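1. I would like the atomic coordinates for the input below:
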Amino acid sequence: MFKKFVPIVAALLLASLFGVYWYFNYFNNNAALATGQKVQFTVTQGMTTSEIATMLHKLRLINTPESFRLAAQLRGLDSHLQAGNYEVVAGMSDKEIIEILSKGKVRYNKFTVPEATTINQIAAKLQEEHLGSADAFKAAAKNYTPYEYMETNNPDVVYKAEGFVCPSTYYLPENASEKDILTMMVREFNKELTPEVREDIKNSKMPLRSIVNLAAMVEEEATFKEEMPLIAGVFLKRLQMGMPIQSDTTIQYILGSQKKEITFEDLKIESPYNTYLHKGLPPGPIANPSLEAIEAVLHPVKTDYLYFVADKQGHHHFTRTYEEHLEMIKKINGEAAQ
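-> You can find the predicted model right below:
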């Protein structure tokens with residue numbers, strides 16, 4: 001009797017296997033809908049698998065809602081599809097879309113922080129690109145010090161996170177808060193501090209906050225990276241001699257914008273960041289420098305130069321005395337006028 005049912009069971013098993021094969025290679029395959037276009041959509045909190053499937057069908061991302069629901073059920077993921085903003089390519093299979101939704105692989109936004117930008121500039125850029133609130137980012141940066149080397153008790157520091165945001169390109173999760181974004185950027189800075197860099201910092205006998213402070217001015221002054229170590233050498237020489245650093249970059253920071261030409265009146269602005277009026281380093285970094293600028297401070301050119309001035313192309317000309325400095329300014333201005 002049992003032998004009579006063997007062929008029937010085998011036939012049913014083959015039919016089932018064929019059905020599964022047919023499903024995964026036809027219904028689960030959305031190749032007919034492939035356009036190569038990226039389609040964005042939002043899964044809101046509380047949406048059921050059925051509602052998600054209906055939405056995806058209307059967007060022409062899946063063949064049928066039924067096939068999508070069945071694929072999610074067979075994988076045990078029908079109750080694990082997560083809310084969020086997503087981006088998929090038309091033509092992806094049900095399986096691929098389900099994997100994205102079940103793992104919460106939300107859409108990412110590309111955002112670049114250029115070298116020597118300030119917290120205020122980054123905040124404005126985030127808002128301009130509709131990725132966050134400028135005010136919220138600045139508020140997050142004001143007292144953010146996740147690493148001991150960022151800490152300071154100086155009440156004149158505008159943003160404690162200033163200087164410690166790594167210039168780089170980031171891929172920000174769609175729903176990232178301003179604090180999340182800042183955390184990502186500061187964490188990237190910390191990653192840049194390799195064991196070799198940390199050893200150089202230790203050997204310099206300077207706190208990292210002071211190194212970054214100097215590096216920010218060096219970065220802002222230098223148009224050409226090869227000049228950074230010599231500019232760093234001049235600033236360090238001035239500090240050793242008790243001379244004011246007198247960097248126009250600190251005046252630009254006070255003004256909050258890049259002014260084409262700094263006036264004598266600007267140099268008189270009363271601010272703890274004014275390195276013409278106050279000796280030593282400003283209260284905090286005036287920008288977020290690159291690793292190259294930090295390396296320049298760690299490995300400066302030892303020099304007797306105390307002055308430098310840039311020509312119209314951005315190349316700096318270095319001199320030892322104030323008289324030589326004035327002569328160089330005349331020479332550069334004379335060449336520019338010709």
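
2. mind showing which ranges of this structure have poor pLDDT?
-> Of all residues in the chain, those with pLDDT under 70 make up the ranges 1-28, 335-338.

3. 50 instead, please
-> Filtered on pLDDT under 50, the chain yields the residue ranges 2, 9-10, 15, 17-18, 21-27, 336-338.

4. how is it carved up into domains?
-> Structural domains assigned to the chain are 2-102, 109-192, 205-337, following automatic domain parsing.

5. Export the ones you listed as CSV, with columns for mean neighbour count.
-> (Glycine included, C-beta is placed from N, CA and C.) Listed next are these as CSV, based on neighbours: other Cβ atoms under 10 Å:
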stretch, mean neighbour count
domain 2-102, 15
domain 109-192, 17
domain 205-337, 17
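
6. Kindly reformat the ones you listed as CSV and extend each row with distance to Glu199.
-> Shown next, in CSV, are the domains of the chain (distance: least, Cβ to Cβ, whole Å):
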stretch, distance to Glu199
domain 2-102, 42
domain 109-192, 14
domain 205-337, 10
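
7. out of the ones you listed, nearest to Arg198?
-> Arg198 sits nearest to domain 205-337 of all the domains of the chain, at 8.8 Å, using Cβ to Cβ.

8. any idea how far that closest one is from the chain center?
-> 26 Å (Cα atoms, centre = their mean, to the nearest Å).

9. How about stretch 107-120?
-> Offset of stretch 107-120 from its chain centre (Cα atoms, centre = their mean): 4 Å.

10. And it, end to end?
-> In stretch 107-120, first residue to last residue: 26 Å (Cα to Cα, to the nearest Å).

11. again with stretch 83-100
-> 11 Å.

12. Same question for stretch 86-101.
-> OK, stretch 86-101 end separation, Cα to Cα: 8 Å.

13. Also stretch 276-289?
-> 21 Å.

14. Distance of the closest residue to Asn143 other than its chain neighbours relative to Leu291?
-> Distances taken as Cβ to Cβ, 6 or more residues apart in numbering place Lys160 nearest to Asn143, at 5.4 Å, with adjacent residues excluded. Separation of Lys160 from Leu291 (Cβ to Cβ, to the nearest Å): 20 Å.

15. wait, what's in contact with Gln252?
-> Glu220, Gln258, Lys259, Ile262, Ile286 (Cβ atoms under 8 Å, 6 or more residues apart in numbering).
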